[in-house]
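Asks: for reference, the sequence and a predicted model appear below.
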Amino acid sequence: MNKIKNSLSLVDSFFKNNETAYWLEAGTALSAYRDGKVFSWEHDIDIGIWRENMPNPDQFISFFSLKGYSVVIQKDFPYLDNIIQLKAEHDSDLFDVDIYLYTRMEGYAYMRWIQKPEGVNKIIKKRLIFILRNLYNPKTKKWFRISSLIPKKISKFLFEKYMCFHIRTSTCIYHQFPEKYFLNLTKIDFYGVNVNIPKDINEFLVHRYGENWRTPDSQFNQSGKWKKSKARVELKMSLLPDPEYYMPEKLK
């Protein structure tokens, strides 16, 4: 409980200081509203914000890295599109946090998984993205050795050109919601912190989890029921603008 409260307090403080609206997302919104606590099997807190209003990514790093977190931008891909993760350092008194970035368009809120292509050749495409990402932004000794054989400008050029092709020829799963859910918010007390949830929380949870959201189901994810959510739709990656290329200052 203390870990969750500490993490919520930090997140709340950060977004208040940056005058950024946020809300509880996904399973955290469900558990907060229905049960008043995070599920015992849960490993992180889910937060949503508007992509257009988010603070600079370097602000996340400078703030949360001093509080006991490592900050992972877009799962270490060199761009920013839909997720920032706060990973609690070992033995810290904190809980992991996933921050999802939503884009508004034509009455809907969209969040896409650009590194997870669907459709024909999706396995090959995922593998290519993984290889090119590791050449451009290596994270292991193996990939550091391999990437050192290729000039940085070339690996950057290859990654960017392929991503351009990838976005224009692929589909992926989006989370799609009527934007009203995230524009009209209400506050609830959650672990002693006043946090936002969608005002139309019942409609939101039906859209996200189906008509049976009131019944606890610890096997919801493992059973694959989440794949049937109305919120999950397969659309062209090019529906939204190209992601912003981003690298932390220390890696540039």
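Replies: Looks like it came in fine.

Asks: which stretches of this structure form strands?
Replies: For the chain, applying DSSP state E gives strands covering 22-24, 44-50, 69-73, 79-80, 83-88, 96-105, 108-118, 171-178, 185-190, 193-198, 232-236, 244-245.

Asks: just those strands: most buried one?
Replies: Among those, the stretch with the highest mean neighbour count (mean count of other Cβ atoms under 10 Å) is strand 22-24, at a mean of 24. From N, CA and C alone the C-beta is placed, and that goes for glycine too.

Asks: what strands line up against that one, and which way round?
Replies: Looking at strand 22-24 with DSSP bridges, its partner strands are strand 44-50 (antiparallel).

Asks: for the strand it pairs with, give me every contacting residue.
Replies: 4, 7-8, 11, 15, 20-29, 38, 85, 95-104, 111, 182 (Cβ atoms under 8 Å, 6 or more residues apart in numbering).

Asks: ok and it relative to strand 96-105, angle-wise?
Replies: 30 degrees (axes from the mean of the first three to the mean of the last three Cα atoms, to 10 degrees).

Asks: and the helices in the chain?
Replies: For the chain, the helices defined by DSSP state H cover 2-17, 26-34, 57-64, 122-136, 141-147, 152-169, 180-183, 201-209.

Asks: residues in contact with the third one: which ones?
Replies: Read it as helix 57-64. The contact list for helix 57-64 (Cβ under 8 Å, 6+ apart) reads 10, 14, 18, 71, 73, 80, 84, 86, 99, 246, 248-249.

Asks: buried stuff in it?
Replies: 57, 60-61, 63-64 (16 or more other Cβ atoms under 10 Å).

Asks: report the rounded mean pLDDT for that helix.
Replies: If you average the pLDDT over helix 57-64, you get 91.

Asks: over to the fourth one?
Replies: For helix 122-136, the per-residue pLDDT values average out at 92.

Asks: same thing with the shortest one?
Replies: Per-residue pLDDT over helix 180-183 has a mean of 95.

Asks: who does it touch, helix- and strand-wise?
Replies: Secondary-structure packing of helix 180-183 (3 or more Cβ pairs under 8 Å, 6 or more residues apart in numbering; DSSP states H and E): helix 201-209.

Asks: so how far is the helix it packs on from its chain's centroid?
Replies: 19 Å (Cα atoms, centre = their mean, to the nearest Å).

Asks: output that helix as CSV, nothing but the C-alphas.
Replies: Only the C-alpha atoms of helix 201-209 are listed here, as CSV (Å, rounded to 0.1, in the frame of the first residue of the first chain):
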residue,chain,number,x,y,z
ILE,A,201,-16.8,5.6,-15.6
ASN,A,202,-19.5,2.9,-16.1
GLU,A,203,-19.6,3.6,-19.9
PHE,A,204,-15.8,3.7,-20.0
LEU,A,205,-15.4,0.4,-18.2
VAL,A,206,-18.0,-1.3,-20.5
HIS,A,207,-16.1,0.0,-23.5
ARG,A,208,-12.7,-1.2,-22.0
TYR,A,209,-13.7,-4.4,-20.4
